[in-house]
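[1] what shape does this take:
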Amino acid sequence: MRLLTFLIFVGLAYQAHAQDAPRLAVFGVVETVNPLVVAGREILLPEGVRILSPLGPSGAVQLGDTLAIAATLSNGTLVATRVLEVFPIVGPVATVTEGTATVMGTAVHVPPKAVVKKRQWVAVSGLWSGEKVITTNLRSVDWDGYGQLAGAIDRVEGTEPVKIGGTTINGARVPQDGFGNDIWTFSGAPEGTALGMRLMSKGVFGGKVDLTLWQGYASLPIASQTYMIHGSGIIGTAKDASMPQAGSLITRCVLDGRVVYAAPIGLEAAYDALGCATTLPAD
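    From the prediction side, this is the model:
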């Protein structure tokens, strides 16, 4: 019930921002906690900004956590206004074999020092790589009943089931305008290799953002000189020599679901603060 209540809150939460102040965002893995560095960028976390997490309000940020941070720019410094812990999957472990656990039908990488047992409930921090989660932090959770999936949805044709990773989401209906390239979060009861959906919500930043720094794993080419960032729906283009290697961890700046290669008009300072130019390979 705690997870369901949290998702209702996140789905309704929206922090208004001034029209003349670009709303920025960073999505990625925590590299250091103090100072807070996510996806290679240091972000100031004011005392009044609390961490939103399905694990409850008492949870502190840990190394390897996956965070979605909305931020503003103040004197060249990224200042967090909203911080959400994102877990690609939360649920019971079905099997554990040679460094890989299966949670609701989805393969999850198990770090070498982690101890995971069958039927144990886990909250997995990490990034999608294809249909597998590459784990960066793993927590054991002490409840059962409600599981969670978070990620992008591939186009669903006809009667095809809605899936994230290897998990079918029972009861999920395609929105009238489709799933788009947004991140969707589903919660409900685990049903073997599926999730019986009770609630779904869109987005991880609490509203529209103007420019995002996004960390994730590169896909195989999906078209000539075109790739995606797994788990996000983000599309990038590059010359053949500059295409990221499939399965490599990359960081890119994104506007409206597409990788940008130059500062958008009016966002020059934001482009610099996010370090967008430094994320691009040399031609």
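
[2] what helices or strands is the helix or strand Ser125 falls within leaning on?
    Secondary structure assignment for Ser125, by DSSP states H and E: strand 121-129. If contacts are counted by 3 or more C-beta pairs under 8 Å, 6 or more residues apart in numbering; DSSP states H and E, strand 121-129 sits against strand 24-32, strand 66-74, strand 89-97, strand 100-103, strand 106-109, strand 132-140, strand 211-217. Every C-beta, even on glycine, is put in place using the N, C-alpha and C of the backbone.

[3] swap in 6 Å and give it another go.
    Applying 3 or more C-beta pairs under 6 Å, 6 or more residues apart in numbering; DSSP states H and E, we find strand 121-129 packed against strand 89-97, strand 132-140, strand 211-217.

[4] the second one packs against which elements?
    Right, the one you point to is strand 132-140. With contacts taken as 3+ C-beta pairs under 6 Å, 6+ apart, strand 132-140 sits against strand 106-109, strand 121-129.

[5] redo these as TSV? Include mean pLDDT.
    Listed next are the helices and strands packed on strand 132-140 as TSV, based on pLDDT from 0 to 100:
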stretch	mean pLDDT
strand 106-109	96
strand 121-129	96
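
[6] so which of the ones you listed is nearest Glu47?
    The closest of these to Glu47 is strand 121-129. By C-beta to C-beta, the value is 23.6 Å.

[7] identify the residues contacting stretch 34-44?
    The contact list for stretch 34-44 (C-beta atoms under 6 Å, 6 or more residues apart in numbering) reads 26, 28, 30-31, 45, 67, 69, 77-80, 213, 215, 251.

[8] tally of neighbours for Leu249?
    Counted with other C-beta atoms under 10 Å, the neighbours of Leu249 add up to 17.

[9] distance of it from Trp128?
    According to C-beta to C-beta, to the nearest Å, Leu249 and Trp128 sit 12 Å apart.

[10] just Tyr146 next, same as before
    Computed as C-beta to C-beta, the Tyr146 to Trp128 distance reads 21 Å.

[11] what's the answer for Gly266, then?
    Computed as C-beta to C-beta, the Gly266 to Trp128 distance reads 32 Å.

[12] higher neighbour count, the two?
    With neighbours defined as other C-beta under 10 Å, Gly266 and Trp128 compare such that Trp128 has more, 23 against 11.

[13] where along the stretch 101-250 of the chain do the strands fall?
    Using DSSP state E, counting those that start in this stretch, the strands of the stretch 101-250 of the chain run over residues 106-109, 121-129, 132-140, 147-151, 163-164, 167-170, 184-191, 194-202, 211-217, 226-229, 234-237, 249-255.

[14] any chance of these in JSON lines, with distance to Thr278 too?
    Below are those laid out as JSON lines (distance: least, C-beta to C-beta, whole Å):
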{"stretch": "strand 106-109", "distance to Thr278": "28"}
{"stretch": "strand 121-129", "distance to Thr278": "20"}
{"stretch": "strand 132-140", "distance to Thr278": "22"}
{"stretch": "strand 147-151", "distance to Thr278": "27"}
{"stretch": "strand 163-164", "distance to Thr278": "31"}
{"stretch": "strand 167-170", "distance to Thr278": "35"}
{"stretch": "strand 184-191", "distance to Thr278": "30"}
{"stretch": "strand 194-202", "distance to Thr278": "30"}
{"stretch": "strand 211-217", "distance to Thr278": "10"}
{"stretch": "strand 226-229", "distance to Thr278": "17"}
{"stretch": "strand 234-237", "distance to Thr278": "16"}
{"stretch": "strand 249-255", "distance to Thr278": "9"}
